[in-house]
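S.K.: sequence plus predicted model, see below.
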Amino acid sequence: MNRATKSGIAAEAQSKINSKYSEQQAVECLDWIALITGADINKSGDMDNFYEVLKNGQLLCELINTLKPGQIKKIQKSEMAFKCMENINQFVDGAKACGVPSEETFQTVDLWERQNLNAVVICLQSLGRKGAQFGKPSIGPKEAEKNVRNFTEEQLRASEGIVNLQYGSNKGATQSGMSFGTTRHM
């Protein structure tokens, strides 16, 4: 990368973003990726290793294809910037196809330019929770299951006759006689 070092407010903002990064969560994500893909990777959670392992996007694409075979047609093997960014972008699209909500994904530059590695961790955790849906081990808390309730028309109408005391009442209270501060002197 040939990007200038951030300074001033930009450096403060980057520092704040970096402070949200959790090495423990990164280790959990890398362990899960190694388990799913069978890749032999360094599972250290420090930012430098996390970035180095994932930056070209190839492992991320393999992860998606392991969960959902054939989702990513062509994984770029080149180390050229635009090819790596294409891999990362394909991973993000694949994660969405696997059910990761778009608010839990990341921008390509968050990983490629190391702008926000915490967003990458969040996306991997979200994808990790979906693992069980694809017959693979999952990480993090178990996802909630749908619990649809169907009420009859009679049950829905039963609440209409009830006067709800939670709506409250002001019992005739008014603001008459209240004064705040002093009167205006001319």
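M.R.: Cool, the structure landed.

S.K.: what does the longest helix along the chain rub up against?
M.R.: Among the elements of the chain assigned as helix by DSSP state H, the one spanning the most residues is helix 81-97. Helix 81-97 is contacted from outside by 55-58, 60-61, 63-65, 68, 71-72, 75-78, 102, 105-106, 108, 111-112, 123, 126-127, using C-beta atoms under 8 Å, 6 or more residues apart in numbering. Quick note: C-beta positions are derived from backbone N, CA and C, even for glycine.

S.K.: which of the residues you listed are buried?
M.R.: 55-58, 60-61, 63-65, 68, 71-72, 75-76, 105-106, 108, 111-112, 123, 126-127 (16 or more other C-beta atoms under 10 Å).

S.K.: just these: which are in helices?
M.R.: Judged by DSSP H, the subset of those located in helices is Gln58, Leu60, Cys61, Leu63, Ile64, Asn65, Thr108, Leu111, Trp112, Cys123, Ser126, Leu127.

S.K.: hang on, the third one packs against Gly70?
M.R.: Put plainly, it is Cys61. No. Counting by C-beta atoms under 8 Å, Cys61 sits too far from Gly70 to count as a contact (11.7 Å).

S.K.: now the farthest one out in this structure, which residue is it?
M.R.: For the chain, the largest distance from the centre (C-alpha atoms, centre = their mean) belongs to Met186, which lies 59.2 Å off.

S.K.: separation between Gly45 and Leu124?
M.R.: Counting by C-beta to C-beta, to the nearest Å, the separation of Gly45 from Leu124 is 12 Å.

S.K.: just want the most central residue of this structure.
M.R.: Geometric middle of the chain (C-alpha atoms, centre = their mean) lands on Glu104, at 2.4 Å.

S.K.: got the contact list for the residue nearest to it when sequence neighbours are not counted?
M.R.: With sequence-adjacent residues excluded and distances taken as C-beta to C-beta, 6 or more residues apart in numbering, Glu104 is closest to Ser126, at 4.1 Å. Shown in contact with Ser126 (C-beta under 8 Å, 6+ apart): Ala95, Val100, Pro101, Glu104, Thr105.
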